[in-house]
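**Q** Let me see the structure of the following:
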Amino acid sequence: MKAYLLFIALCLCIAVDKSASQACTYRQVRLYNGTSANNRTGMLQICNSQRRWTAVCDYRWKNSISVKVCRDLGHTNPRPITYINSGRSWGSLGYVVPSGSSSFTCSSRISLANCLSSTSVYLRRSYACLATRDTIVIDCNFDTSGCSGSEIRLYNSNATSPGGMVQMCRQGRWTAVCDFSWGCAESVVACRQLGYTNAKPKFTYNTAVDVNGSWTEFGYGPYSSCSSTATSLSQCSTWPSSFRRNPAYCEPTRDTIKLECLQPLNNTNDYCSTNYDVRLVNGTTKDEGRLEFCYRNKWTTFCGLTYISAKTAATLCNQLGYGGNSFATPIYDGRFGDGDTVEYSRRMYCQNEYDDIRYCSIFLSNSGNCIIGSSTLNCNYNRLGLRCYKPQNCNEGDVRLVNGTVEREGRLEVCANGVWGSVCSRSFAISAAYVACKQIGHTNVNGAVIDRYGLYGLGNGPIVYNNLACFGHETNINDCNKVIAPNFYCPITYVVGLRCLDMCKEGDVRLTNGSHSFEGTVEVCLDNTWCLVAQHGWDDADARVVCKQIGGYNSSAGVAKLNSTYGRPKRAIRYSNVYCNGNEEELIDCTHHTFEFDFGRTYDVPVAGVDCGVLSTPTVTSSSSSTSGITVSTPQGVSSGSNDTKGTVFISGTLFIVIGTCFLIVAIIIMVFVLLRMKKLSLKSNNTTDITTRMSSLPDDIKPSPSVVSYDEELLS
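**A** Got it, this is the predicted structure:
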C-alpha cells in the first residue's frame, strides 16, 4: 500500500513539474493563467535558450509593449491592461527591458524576446526583479466599456484598499487620468463631482500597485488648473493632448492617480474659550504633537505652513510652559494626524523669541480646502507639528556620540541649556571633529570621518549649534565659536555624524580581550581604524604570522581561536578568508579578502582570535654583525602543525620566576667560589716571593745550602 501511494505521489510531482517547465520553442511567447496557456490573459512568459518557460520582469515595463504582446498573439487593435508587481510567483525571471532604454520601443517585425534582454544586470537585482513579486500579468481583452457622457469613477480591483484610480468616461469607455500636475484643487473638484460636498480628499501618484493594476489608456488630462467653483473635471483646464501621449509625462503603467474622498472628522472636544491659546495633540508624549490654536472658540489646526522659524517654534513652546531658552523642533510630515477644523495659514512669524504667540504675525484664510495626504504627498500642504524639550540631566557643553554601529562613531550631540541636541553640519570642519573626539575621551584620535546628512539618524532632539568653528587646541567644544539655537536655520537632515579614527599604523595588528597581551581577538589597522578579522579560513598558519608580527615569537608559535573565543568587539569586520603560508612577516602580506567599511560595520559573523602562549627565557646569541641580538626560543610544547595543539604545555609565569631565581642563586655561588680560589692563589704567591727576598739579603757565609733548605707546604698554603 505504501509503495502504491509513493508511486502516485511521484507521478503527481512529475505532472506538476511538466506543467511548470514543459519543453517549449526558443523565444516563444505565451500568457499563462496558472493551469494552461492562452492568448487572452495571464502571466507573460518567454521560452529561454534552455527551452524552459521563464517569466518577464516588470522593471521599466511600458503599456506599449503590452500592446505589441497582444498583437503578436493575434488581437486586433488591443487595449490591454497590465498588472505589474502582480504578486504571482514563477521559478525565474529571464527577460527584462534593456537598461539605458528610456524611450524603449519594440517593432512589430521583431520578436519580443529579441527586444528584451536576458543578460541585464537588473535580473540579478532583487530591488528590480524578484521572481515572487515582479512578474507581469496582461489582459488583452479587458472590458473598459459601460459608461456614458463625462462621468467619473474611482476604480479599484483591490477591495481592501480605500479609494481608487481616477477614471473618466470617453466615447463610452473608461479611461485613466494622467497624474502630471494633478494637485489639491483637482482632487477637491473630483470629489465634488462624485457627490462629496464637504470632503477632505487625499491623493497619491504612481498608483498602479495601490489599486492592483495600471490602465489601458489615458483619455483625459493632464490638468493644468481648476477653479474653486468648478463642479466637474470637464470644467478644468488641461495641458495639450501631446502631454497625454508622451510616456515621459503619462505612462499608463505608472502615472495614474489614486484618490480618497474623506469625510470631515466629528470631534466633540473642539470648543475652547481663549483665542490664540495653543495645545499639542496626538503625540506619543505630552511634549510633542499636532499644533492646534484656539480661533473663534474652536480648536483649529494650522495648515499650509511650509516653514516656521526657530524663534517662532521657541515662542510656541514658551507659551506651552517650557520656560525661557527652550528649544523646539517643527515637524511638517503630518505624523500626528488630521484635525477636524482647519485654518489655512500662509504665514506665522515671530521676530524674536516671545512668551506668547499673540505678539507674532499670523495670516489666516478660512478656505476649508486644506487636505492631508500621505507623508510624501500632502496636497501640497502640511499639518504643523511641534516638539518641545525639557532640561535633562546633562552638563552644559558635554558631548556624546549616539546611534553608532561600531565603537567611536555616531551622531554628535551636545548638551545646551540642559537639552541634548544635534550640531548643524554647515561649516563643520575637521578641527571641530578633532576637539569633539578628544572631549569624548578618545585621546589617541588620529582625525575623524565626518558625515553631514544624517547617516546615524536625525534623533528626537533639536539642532542646538550652527557654524561651529574650532582651532583644534580646545578641550571643550563649548569653547569654540558657534551660533546657538534659535538664532539660525538649519535643515533637519543636516546633522553631524562622526567616526573618530584610531592612532595606528596601516597593517598593524593587536590582540584584545585576552588574559595577557599574547592572546585575544585579532584586530588589524586599516584606514586608521582598528578592524576585525572574520573566522572564515582562519587557521594556525595565520595565527603564527600574527604572533611573529606582534614580536617575540618565531614561526612555530601561535594557535588559532575561532567562534569569537575572546569576545566580539564593536568594530567593523574588514578581513575575511585570510591565507598565510607562514613565511610572511605581517598579516597584511597574506592573501585575504577586504570588505568595505560600510559593509563590515554590519557584517555579523564570528571573528578570529589567537593564543601565542607565554614567552620562555630569552637566550643570547651572536649575530653575524658586530652587534649581538636576543633570540626568543619557542615556547615549550608548541606544535609546528597547523591545528594540532594536543599535549601542548606552555611555561607558566610562576615557573618562569622560580627557574630564574634558581639560575641567579647558582650564579652567585659560582662567583663566590671563584673569588675565594683567586684569593688563595694570590696569598701563596706573595709568601713565596717574601721568603726568597729575605734569603737573598743574607751574607753568603750564612746562607743555607739549598740542599738542606725545606719549606713547610702546609704553612705556605
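**Q** residues in contact with whichever strand or helix holds residue 174?
**A** Element membership of residue 174 [criterion: DSSP states H and E] is strand 173-177. Applying CB atoms under 8 Å, 6 or more residues apart in numbering, the set of residues contacting strand 173-177 from outside is 79, 144-147, 153, 155, 165-169, 214-223, 233, 252, 256-257. Heads up, the C-betas are built off the backbone N, CA and C, glycines and all.
**Q** Quick one: the helices in the stretch 101-250 of the chain, in order.
**A** With DSSP state H, counting those that start in this stretch applied, the stretch 101-250 of the chain shows helices at 112-115, 184-193, 241-244, listed in chain order.
**Q** out of those, which comes closest to residue 385?
**A** Among the helices of the stretch 101-250 of the chain, helix 184-193 comes nearest to residue 385, with 19.6 Å by CB to CB.
**Q** What mean pLDDT does that closest one get?
**A** Per-region confidence: helix 184-193 scores 85 on mean pLDDT.
**Q** Off-centre distance for that helix?
**A** Using CA atoms, centre = their mean, to the nearest Å, we find the averaged C-alpha position of helix 184-193 to lie 41 Å away from the chain's own average C-alpha position.
**Q** Okay, buried residues for stretch 480-490 please.
**A** Buried positions in stretch 480-490, judged by neighbour count with 16 or more other CB atoms under 10 Å: 480, 482-483, 485-486, 488, 490.
**Q** got it, and stretch 52-65?
**A** For stretch 52-65, the buried set under the neighbour-count rule, 16+ other CB under 10 Å, comprises 52-63, 65.
**Q** same deal with stretch 552-561?
**A** Neighbour-count burial for stretch 552-561, counted by 16+ other CB under 10 Å, picks out 553, 556-561.
**Q** and the two most separated of these?
**A** Taking CB to CB, the two most distant members of these are 556 and 561; they sit 17.1 Å apart.
**Q** Tell me how many other residues surround residue 90.
**A** Using other CB atoms under 10 Å as the criterion, residue 90 is surrounded by 19 other residues.
**Q** and if you look at residue 329?
**A** Taking other CB under 10 Å as the definition, residue 329 ends up with a neighbour count of 23.
**Q** For the stretch 301-450 of the chain, which segments count as strands?
**A** 328-331, 342-349, 361-365, 385-388, 399-402, 409-416, 419-423, 445-451 (DSSP state E, counting those that start in this stretch).
**Q** Which of the buried residues of stretch 480-490 scores worst on pLDDT?
**A** Least confident of these in the model: residue 486, at 77.
**Q** Look up the closest residue to that residue, ignoring the ones flanking it.
**A** Residue nearest to residue 486 in three dimensions, not counting chain neighbours: residue 310, with 3.1 Å by CB to CB, 6 or more residues apart in numbering.
**Q** Just the pLDDT at that neighbour, thanks.
**A** The confidence metric pLDDT takes the value 82 at residue 310.
**Q** Contacts only, for it.
**A** 328, 485-489.
**Q** Please determine how far it is located from residue 321.
**A** Spatial separation of residue 310 from residue 321 under the definition CB to CB, to the nearest Å is 19 Å.
**Q** Start and end of stretch 428-447, how far apart?
**A** End-to-end distance for stretch 428-447: 14 Å, by CA to CA, to the nearest Å.
**Q** neighbouring contacts of that stretch?
**A** Stretch 428-447 has contacts (CB under 8 Å, 6+ apart) with 399-401, 408, 412, 448, 450, 452, 468-472, 474-477, 480, 496, 498, 500-504, 528.
**Q** can we see that at 6 Å?
**A** Contacts with stretch 428-447, where a contact means CB atoms under 6 Å, 6 or more residues apart in numbering, come from 399, 412, 448, 450, 468, 470, 472, 474, 476-477, 496, 498, 500-501, 503, 528.
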